[in-house]
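Student: Below is the sequence, then the predicted model.
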Amino acid sequence: MIRCRVARRFVDAALERELALEERFQLEAHASACPACAEYERRARGLQELLEGPGDPPPTAADVDAAARAVFARLAGGETESGAAAAWRPRRARTGALVASGALALAAAALLLLLRGRHDPVPETGVAPEVAETAASRDWTPASVEVTVRAALLDGFGLAGADEVRARERFSAGTREVAQAGWPVRRFVEGLLESPDANVVLAAASCLGSLGEAGAVPALARALARRETADGVLDALGALGEPAVSGLEPALSEPELAVRALRQLCRIGGPRVTAVLERAARLARAGSNPSREALLDALTTTGPAAVSSLLRLAAESTERSESTAILARLALVNGAGSELVCALERERYPGDLAYRALLFLQPVEALPWLEEQCASHRERAFALEALASFPDTGPLGSALHLARTGRVPREDVKRLLVGLFERDAERAEVFTRALIAQRSEALRPWLELLIESEHPGAARALVPLAFCESLAPDDRQWAALAVGELGTAEDSELLLSELAARPASDRRLTAACLLSIHARLGAQGVERLLAPCSPSNLRRVLGALEGEGSGEAVLVHRVARALDGALAELAVASADQKDTL
Amino acid sequence: MKDPDPFAAEGDLESPAGVELRRIERALAGERSAQDELLRAHYAGVHALAFRLLGNPEDAEDLAQECFVRAFRSLSFYRAEGSFAGWLRRILVHLAQDHYRAHGKRAEPAPLPPELCGGREPHGLVEGRELRRVLADALQVLSPSLRVALLLRTREELEYAQIALLTGVTAETARTRVMKARKLLLRLLTPYLGRDSARVEREKT
């Protein structure tokens, strides 16, 4: 028979369901002879039944409802440290043990950093259930959260020049558990802006800037008070973009911070920055830092809103030279053209400010506005001068439009046209060819305007009109004759080459052209054109051209009659040439 | 807390395991009703273990609620490799251990409460519900480590290896703790477990 000690061990094994059949027989035999062991077995089994038996009555439906409400109220985010959760956060945090635990955690974090220093941490993509659960249920304290956040900051953002994406990944990985536990990580990072350790402050600032925490702006703005780390904080504010403008503005008045703050404001750009810089430029005095010039230059980088600011500042300037210098900066503003037109339509600026502004930008969108101003007697001179300064063919269109509408005296339009020809005569031919291509109804008014300008610059534009089939034959003859009257030998050469390139079917037009060619190139020019003709026919044409005492119409008629034979010979020659080819 | 493991087998979505899986997926998607269903399905089990671990209904209620708050907040960490009930149990045990730490360790063995030390005749008085209350008091006398190990073994029917994983000790230590807890409880509850126990023990001695 087994002894009592062995019997009791068998009892324990039986409770664990680990007793072999043979052993059970031995235990039963012993118990039948040993009341103490029998009683021990009875009590042990009774305890086991008690432990495994039903517990207290299960919670009622009302209890479960109340629990559900409490749980979801806390999940909804209303929970604070004073809430029920605090009961499960270590109460030792309120005691002196806080310091010790914090120090231990700091040491652990430092060790972690040292270990991580030689390895690239791989962002966690999956967490083992046990680890995850530990994380979820880990009992964080403010001190341990701060230590964790600090370590993550230094790990992610502690190295200057580190890759930002990588830094964010490292920081997120380092604070994942804390964030999962519902702690406000950003507030801890903000709190670390007041750390005595400058590296921590810089890392915190960089983190807030990198993660785009706009709500951190007030904390960052306060952190600017510490000069040692202010540059990094300014950079962080700049990285936050527009929400940080209010935080950067005060720094403009701090001489030590102003330049860097200005740089960050330029980096942000946009209408809010424009307004800030306009205010600063208005307040800037001689010798201030940053200078008024620097502020104005910075203003040009903030976008189209800078146009209105520059116009206002120029209008406020008492010195014309200074206002001109301000207006000259309009050309540096991206997208300033359309914005300037909007500003001109929206507001009225004193004197010739608007026109001086247009001198620096000359956006084509401003032409209709200028045409409108031309209708005003008071503004007309400024507007015409501004129009005349515009490049390309746009102002030619304005001149034509003004001439057709009749809102501006014809003489003013002609003066405008002359001014445009003086600056760039070649654009007239481009404009004319564009009108011809469009078969514009304005071709005839344009022809009239060109001839009325009586400017040599108009002659080159008249050449294509002489061959424009959209015009009436009389208008084309008129254009051809005007080339010889207004233009130079070069223009007549152009007319000659254009005429030679076409079949000479229209006697009267050919006659008008020959009159212009003869006027500028003499008989030689005519002979070049009529080289394939017989000498008798050539003599007849030259005789008609050199006749005296007749008006233009008579001359054209006479030369056209003389051309009869010559044109037939030219046609034959042209056909022969085609056959040869 | 003795739910079968719903994810042990691959069931279709209409099986109990599938239903719970869908609940969890919905809860992960932020559906409050799914969280509510999960809470109602598991609250009783969680609450019962919490009561055994802490010994009083108020703390048990708080602990159970905290368990669900933590669970829902970290639901994304849940892997369908074990039962949801088991996952809740692990969270609960960790919370209970934190609670024990927060309230300080008791001496081991702890002094018996007055009603367990005699002074009145327990025989015939402790039946049913009162016996369970006495057991709850006796459990609180045990050290937390013994209490947790014993309850996980007897009420949750965990293997020693699982207890070891949960409590951070070896399986052998977990077994030793269970045995020790059982002996201590036997000693504490002797007057309540048998009319003649005390006399028999005295005769044996």
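Tutor: Looks like it arrived, so ask away.

Student: Show me the domain layout of the chain.
Tutor: You didn't pick a chain, so chain A it is. Taking automatic domain parsing as the domain assignment, the ranges for chain A are A:4-47, A:362-424.

Student: um, chain B though
Tutor: Looking at automatic domain parsing, the domains of chain B come to B:1-104, B:106-205.

Student: Comparing the domains of chain A, which comes out most buried?
Tutor: Compared across these, domain A:362-424 shows the largest average neighbour count, a mean of 19 (mean count of other Cβ atoms under 10 Å in any protein chain shown). From N, CA and C alone the C-beta is placed, and that goes for glycine too.

Student: Report the mean per-residue pLDDT for it.
Tutor: Computed over domain A:362-424, the mean pLDDT rounds to 90.

Student: How far does it sit from its chain's centre?
Tutor: Taking Cα atoms, centre = their mean, to the nearest Å, one finds the center of domain A:362-424 at 34 Å from the center of the full chain.

Student: looking at the domains of chain B, which is buried most?
Tutor: When these are compared using mean count of other Cβ under 10 Å, domain B:1-104 is most buried, at a mean of 19.

Student: Spatially central residue for chain B, please.
Tutor: residue B:49 (3.4 Å; Cα atoms, centre = their mean).

Student: Pretty sure it sits against residue B:151.
Tutor: Yes. Because the distance of 6.8 Å satisfies Cβ atoms under 8 Å, residue B:49 is recorded as touching residue B:151.

Student: Can you show me the helices along the stretch 151-300 of chain A?
Tutor: A:164-180, A:185-191, A:198-210, A:217-223, A:227-240, A:245-248, A:255-268, A:271-283, A:292-299 (DSSP state H, counting those that start in this stretch).

Student: Quick check: what element follows the last one along the chain?
Tutor: From helix A:292-299 onward toward the C-terminus, using DSSP states H and E, the following helix or strand is helix A:305-316.

Student: now for that next one, which elements pack on it?
Tutor: Packing partners of helix A:305-316 (3 or more Cβ pairs under 8 Å, 6 or more residues apart in numbering or on different chains; DSSP states H and E): helix A:271-283, helix A:292-299, helix A:320-328, helix A:336-346, helix A:353-361.

Student: how about a cut-off of 6 Å?
Tutor: Here helix A:305-316 touches helix A:271-283, helix A:320-328, helix A:336-346, going by 3 or more Cβ pairs under 6 Å, 6 or more residues apart in numbering or on different chains; DSSP states H and E.

Student: Give me the contacts around the first one.
Tutor: Right, the one you point to is helix A:271-283. A:242, A:245, A:249, A:252, A:265, A:292, A:295-296, A:298-299, A:302, A:305-306, A:309 (Cβ atoms under 6 Å, 6 or more residues apart in numbering or on different chains).

Student: Could you figure out how far that helix is turned away from helix A:292-299?
Tutor: With axes from the mean of the first three to the mean of the last three Cα atoms, to 10 degrees as the basis, helix A:271-283 and helix A:292-299 are set at 170 degrees to each other.

Student: Can you mark which positions in helix A:271-283 are buried?
Tutor: For helix A:271-283, burial by neighbour count (16 or more other Cβ atoms under 10 Å in any protein chain shown) applies to A:271, A:272, A:273, A:274, A:275, A:276, A:277, A:278, A:280, A:281.

Student: Export only the CA atoms of the helix or strand where residue B:23 lies, formatted as PDB.
Tutor: Secondary structure from DSSP H and E places residue B:23 in helix B:16-28. The C-alpha coordinates for helix B:16-28 follow below in PDB (Å, rounded to 0.1, in the frame of the first residue of the first chain):
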ATOM      1  CA  PRO B  16     -20.800  30.800 -35.100                       C
ATOM      2  CA  ALA B  17     -17.100  31.400 -35.900                       C
ATOM      3  CA  GLY B  18     -18.000  33.100 -39.100                       C
ATOM      4  CA  VAL B  19     -20.600  35.300 -37.400                       C
ATOM      5  CA  GLU B  20     -18.000  36.400 -34.800                       C
ATOM      6  CA  LEU B  21     -15.500  36.900 -37.600                       C
ATOM      7  CA  ARG B  22     -17.900  39.200 -39.400                       C
ATOM      8  CA  ARG B  23     -18.700  41.000 -36.200                       C
ATOM      9  CA  ILE B  24     -15.000  41.700 -35.700                       C
ATOM     10  CA  GLU B  25     -14.600  42.800 -39.300                       C
ATOM     11  CA  ARG B  26     -17.500  45.200 -38.900                       C
ATOM     12  CA  ALA B  27     -16.200  46.500 -35.600                       C
ATOM     13  CA  LEU B  28     -12.800  47.100 -37.300                       C
END
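
Student: tell me the mean pLDDT over it?
Tutor: For helix B:16-28, the mean confidence score works out to 78.

Student: Is any residue of it near chain A?
Tutor: No. For helix B:16-28, no contact with chain A is found by Cβ under 6 Å from any Cβ of the partner chain; the gap never falls below 10.7 Å.

Student: ok, and does the helix or strand just after that helix reach over to chain A?
Tutor: Per DSSP H and E, helix B:16-28 leads on to helix B:32-54 as the next helix or strand towards the C-terminus. Yes. Counting by Cβ under 6 Å from any Cβ, chain A is contacted by helix B:32-54 at B:36, B:39, B:40, B:43, B:44, B:47, B:48.

Student: okay, the angle between the helix or strand that helix B:32-54 is followed by and helix B:32-54?
Tutor: Per DSSP H and E, the first helix or strand lying C-terminal to helix B:32-54 is helix B:57-73. Put simply, helix B:57-73 runs at 140 degrees to helix B:32-54, going by the same axes, to 10 degrees.

Student: what's the angle from helix B:57-73 to helix A:164-180?
Tutor: Going by the same axes, to 10 degrees, helix B:57-73 makes 160 degrees with helix A:164-180.

Student: now the stretch 51-200 of chain A, which segments are flagged as low pLDDT?
Tutor: A:54-57, A:77-139, A:160-162 (pLDDT under 70).

Student: follow-up on the earlier one: determine which stretch of the helices of the stretch 151-300 of chain A is the most buried.
Tutor: Buried most deeply of these, by mean count of other Cβ under 10 Å, is helix A:198-210, with a mean of 24.

Student: Need the domains of chain B in TSV (columns: distance to residue A:191).
Tutor: Below are the domains of chain B laid out as TSV (distance: least, Cβ to Cβ, whole Å):
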stretch	distance to residue A:191
domain B:1-104	22
domain B:106-205	32
